[in-house]
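[1] I would like to see how this sequence folds:
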Amino acid sequence: MGRKLLIIDVAALGYDLLRQRVGDRFADLQVQATQSVLPAVTCTVQASFRTASLPRSHGMIANGLYYRNLTRPMFWEQSSNLVQGPRIWDNFRRAGGTVGMMFWQQSMGEQVDLLLTPAPIHKHHGGMIQDCYAQPQRLYETLCRRVGSRFKLHQYWGPLASAKVGDWIAQAGAAVLADRELAPDLLMVYLPSLDYELQRQGPGHDKGLAALDATLAQLNLLLQAARDNGYEVLVFGDYAIGPVTGQVVYPNRHLRQAGLLTVRPVGRMEYMDFYASRAFAVVDHEIAHVYVKDPADVPKVAAELRSLEGIDRVLTGDELAQAGLAHSNSGELVIVAKEGRWLAYPWWTDNRSRPDYATHVDIHNKPGYDPCELFFGWPPPSVSLDPRRIRGSHGRVEGRDVAYLTSLPLGSTGNLVDLAAAVGQWLDEI
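    Numbers count the residues shown, from 1 in each chain. Next up is the predicted model:
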């Protein structure tokens, strides 16, 4: 092909954060700033990048989607069919280029030549088999041998999540780049581990800066492998984490108090009743999609949420269109937290009535993102129920530039969609 490119998406690589530590680490790559997309969360940004389009086109409007035909929300589903639209590499691949994805969200079933992503098997009587889905099938076992260990899912998410997961991914990515049989012409790698300490401690904490140093070491490993094997590079951050300085916001509690959200009692536990509720919020960090069953209720729901302390904006109608979120997957409303706040999913006020999954790492069944899963509760291995422990969050765009570094002649870009489009044009020039 002649053209080879390594793309690295680094979770939480904010421009201001990186400038604190970058020094002369990347002497051959200029650190530049650009804007993320709304909401600035992993799945939305990665879908926007690989399609060079906004959520109104690709439909990945958050890390979780509410499936109206199933009457339930589900987070972190991994089918590539959830991301609608052409990919920036389509022409490149049709012309004979090969493409690989490692640890990108919604990658299973993607039309690529190399694929690696976590895919554990949950056993019927509890526990799980840690495994990764791989194409070609021998890829995962090959990389385990070369890295010297298997991928550990508990380091990817939960109370034990740490930079070690990025170490494994970086070593595996470097091994792919160095293998002439495996290495694709375009390789896309996701390094997820920087934001764990940024959410736990906040972006200004020493532990957050230590996590940044660990991530920069991972980047150096991958960038050296790229140089050694003739690859151009692009590194970009998907979002920037802001400090949490105020009280957590509970939109579902407020909707319940207003008589709009209904719960189903099961013993002493209270589960949200998605069938009977007139409105509910599917929260994701600093944003939430609010689904309203009856269109006539939208003004009332909007008014209730505007009265809620800690809400910055309530987007409806034309405002959703202007924000690039007018898609059938979106809620009738989208709310954005004020700077320094974040949105939590609970609807109960007494922890004795919490649903069973509240104290577990359960990313698929919880109807909202739960950063409290980054902390142990009592007794371990339960997870914390205390949202006051969270010190960093993301989702907002204003004032939160993300960093990118590249060896490509792309020029200036207004946002990550522009950056992705420029990469697609470069790939087309073959």
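[2] Contact partners for residue 309?
    By CB atoms under 8 Å, 6 or more residues apart in numbering, residue 309 lies in contact with 247, 249. (Glycine included, C-beta is placed from N, CA and C.)
[3] Return the residue of this structure that is most distant from the centre.
    residue 267 (34.4 Å; CA atoms, centre = their mean).
[4] any idea how far it lies from residue 355?
    Distance, residue 267 to residue 355, using CB to CB, to the nearest Å: 10 Å.
[5] what's the answer for residue 273, then?
    For residue 273, the distance to residue 355 - CB to CB - is 12 Å.
[6] swap in residue 327?
    29 Å.
[7] These two: which is more packed in?
    More crowded of residue 327 and residue 355, by other CB atoms under 10 Å: residue 355, with 21 against 17.
[8] in what helix or strand does residue 115 lie?
    strand 114-118 (DSSP states H and E).
[9] Partner strands of that strand, with direction?
    Strand 114-118 sits in its sheet next to strand 99-102 (parallel), strand 132-135 (antiparallel), going by DSSP bridges.
[10] so which of those comes closest to residue 198?
    strand 99-102 (22.2 Å; CB to CB).
[11] List of residues touching that closest one?
    Contacts of strand 99-102 with the rest of the structure, by CB under 8 Å, 6+ apart, involve 89, 92-93, 107, 110, 112-117, 169, 172-173, 176, 183-190.
[12] Which of those fall within helices?
    Assigned to helices by DSSP state H, the following of those qualify: 92-93, 169, 172-173, 176.
[13] would you list every one of the helices in the stretch 201-350 of the chain?
    Taking DSSP state H, counting those that start in this stretch, the helices of the stretch 201-350 of the chain run over residues 206-228, 251-257, 298-306, 317-322.
[14] will you turn those into TSV that also has mean pLDDT and mean neighbour count?
    Compiled in TSV, these are given as follows (pLDDT from 0 to 100; neighbours: other CB atoms under 10 Å):
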stretch	mean pLDDT	mean neighbour count
helix 206-228	96	18
helix 251-257	98	22
helix 298-306	98	17
helix 317-322	96	13
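[15] Quick one: closest of these to residue 60.
    The nearest among those, by CB to CB, is helix 317-322 at 15.3 Å.
[16] For the closest one, which helices and strands make contact with it?
    Using 3 or more CB pairs under 8 Å, 6 or more residues apart in numbering; DSSP states H and E as the contact test, no helix or strand touches helix 317-322.
[17] Can I get that helix in CSV? Just the C-alpha atoms.
    Extracted C-alpha coordinates of helix 317-322, given in CSV (Å, rounded to 0.1, in the frame of the first residue of the first chain):
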residue,chain,number,x,y,z
GLY,A,317,-36.3,20.2,19.8
ASP,A,318,-34.2,22.6,17.7
GLU,A,319,-31.6,22.7,20.5
LEU,A,320,-31.0,19.0,20.1
ALA,A,321,-30.6,19.5,16.3
GLN,A,322,-28.1,22.4,16.8
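[18] For that helix, what is the distance to the chain centroid?
    Distance, stretch centre to chain centre, for helix 317-322: 23 Å (CA atoms, centre = their mean, to the nearest Å).
[19] Kindly report the same for stretch 117-128.
    Distance, stretch centre to chain centre, for stretch 117-128: 21 Å (CA atoms, centre = their mean).
[20] before we move on, back to that, show the buried residues in the contacts of strand 99-102.
    Among the contacts of strand 99-102, those classed as buried by neighbour count (16 or more other CB atoms under 10 Å) are 89, 92-93, 107, 110, 112-117, 169, 172-173, 176, 183-190.
[21] Can you tell me the closest non-neighbouring residue to residue 331?
    Nearest residue to residue 331 in three dimensions, chain neighbours excluded: residue 289, at 3.2 Å (CB to CB, 6 or more residues apart in numbering).
[22] So what sits opposite that neighbour in the bridge?
    The partner residues for residue 289, given DSSP bridges, come to residue 282, residue 334.
[23] Contact partners for it?
    By CB under 8 Å, 6+ apart, the contact list for residue 289 reads 61-62, 66, 281-282, 330-331, 333-334.
[24] what about residue 136, how many neighbours?
    12.
[25] where does it fall, phi/psi-wise?
    Note on residue 136: its backbone torsions stand at phi -70, psi 160 [degrees, to the nearest 10].
[26] That one reaches residue 116, doesn't it?
    No: using CB atoms under 8 Å, residue 136 is not in contact with residue 116, being 10.1 Å away.
[27] Can you give me the neighbour number for the residue nearest to residue 202 when sequence neighbours are not counted?
    In this structure, residue 202 finds its nearest non-sequential neighbour in residue 391, 3.5 Å apart by CB to CB, 6+ apart. Residues lying near residue 391 (other CB under 10 Å) number 21.
[28] what sits against residue 391?
    Residue 391 touches 199-202, 205, 243-244, counting by CB under 8 Å, 6+ apart.
[29] just residue 418 next, same as before
    By CB under 8 Å, 6+ apart, the contact list for residue 418 reads residue 34.
[30] For residue 294, see how far away it is.
    Residue 418 is 39 Å from residue 294, by CB to CB.
[31] go on, residue 81?
    Distance from residue 81 to residue 294, by CB to CB: 30 Å.
[32] What of residue 7?
    44 Å.
[33] do the same with residue 97
    In terms of CB to CB, residue 97 sits 49 Å off from residue 294.
[34] Which one's more surrounded, those two?
    residue 97 (20 against 11).
[35] pretty sure the more buried one contacts residue 428?
    No: the criterion here is CB under 8 Å, and residue 97 misses it with residue 428 at 10.1 Å.
[36] Could you tell me which ranges of the stretch 1-150 of the chain sit under the pLDDT cut-off?
    In the predicted model of the stretch 1-150 of the chain, residues 1, 23-24 satisfy pLDDT under 70.
[37] run the last query once more with 80
    1-2, 22-28, 125-126 (pLDDT under 80).
[38] Quick one: the strands in it, in order.
    5-10, 30-34, 64-67, 72-75, 99-102, 114-118, 121-122, 128-129, 132-135 (DSSP state E, counting those that start in this stretch).
[39] Residues contacting the first one, please?
    Applying CB under 8 Å, 6+ apart, the set of residues contacting strand 5-10 from outside is 45-46, 49, 104, 173, 177, 185-191, 194, 215, 219, 222-223, 226, 231-238, 408, 423, 426-427.
[40] Now for the nearest residue to residue 261 once chain neighbours are set aside: which residues touch it?
    Among residues not flanking residue 261 along the chain, residue 255 sits closest, at 4.1 Å (CB to CB, 6+ apart). Taking CB under 8 Å, 6+ apart as the contact definition, residue 255 lies against 261, 277, 279-281, 290, 301, 304-305, 347.
[41] what about residue 423, how many residues close to it?
    Count around residue 423 with other CB under 10 Å applied: 26.
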